[in-house]
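Chemist: Predicted model and sequence follow; I will ask about them next.
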Amino acid sequence: MIEYLTNPDMPSSHLPFSPAVRVGDLLFVSGQASVDRTGAIVPGTFEEEMRRSIENLSAILTLAGSDLVHVVRTGNYVRDPQDLAAFNRLYREYFRAPYPARTTITHCLTQELRYEIDCVAVIARPR
């Protein structure tokens, strides 16, 4: 069974995608960027944008019955390669060893965004 999760407390977007999709005990979370609850981009430094993006991801995980500890894979999109050192430093604050499987791509975002993250997680709590 496929369940498309929505919740008024999840960060929203005007783009055509679901914030999260549950299939069995797996949760697929769409890319999260530095946006507010209405989907408006909140610009900032790389660190500010990455923190807001991961906080948005964490909020969706929590509302869907999971958390950052149960993330098994992340996809990371870093606009500027010079931000990779900061990316790895900040990533270690949110994810601990053994780390999730990870893909990181650079030169891939528009000028409005510095960072975006998506993930696959295991549901931590039964409904």
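Modeler: Looks like it arrived, so ask away.

Chemist: Could you give the number of residues near residue 40?
Modeler: Counted with other Cβ atoms under 10 Å, the neighbours of residue 40 add up to 10. Backbone N, C-alpha and C define where each C-beta goes, glycine included.

Chemist: need the strands for this protein, in chain order.
Modeler: Under the criterion DSSP state E, the chain contains strands at 2-5, 20-23, 26-32, 71-78, 101-106, 115-122.

Chemist: Which residue is the nearest non-sequential neighbour of residue 61?
Modeler: residue 67 (5.3 Å; Cβ to Cβ, 6 or more residues apart in numbering).

Chemist: Give me the buried positions along the lengthiest helix in the chain.
Modeler: With DSSP state H setting the assignment, residue counts place helix 46-63 as the longest helix in the chain. Residues 46, 49-54, 56-61, 63 are the ones in helix 46-63 that count as buried (16 or more other Cβ atoms under 10 Å).

Chemist: repeat for stretch 94-114
Modeler: Going by 16+ other Cβ under 10 Å, stretch 94-114 has these buried residues: 94-95, 100, 109, 113-114.

Chemist: Among those, which one sits closest to residue 39?
Modeler: Residue 39 has its nearest neighbour among these in residue 113, at 12.5 Å by Cβ to Cβ.
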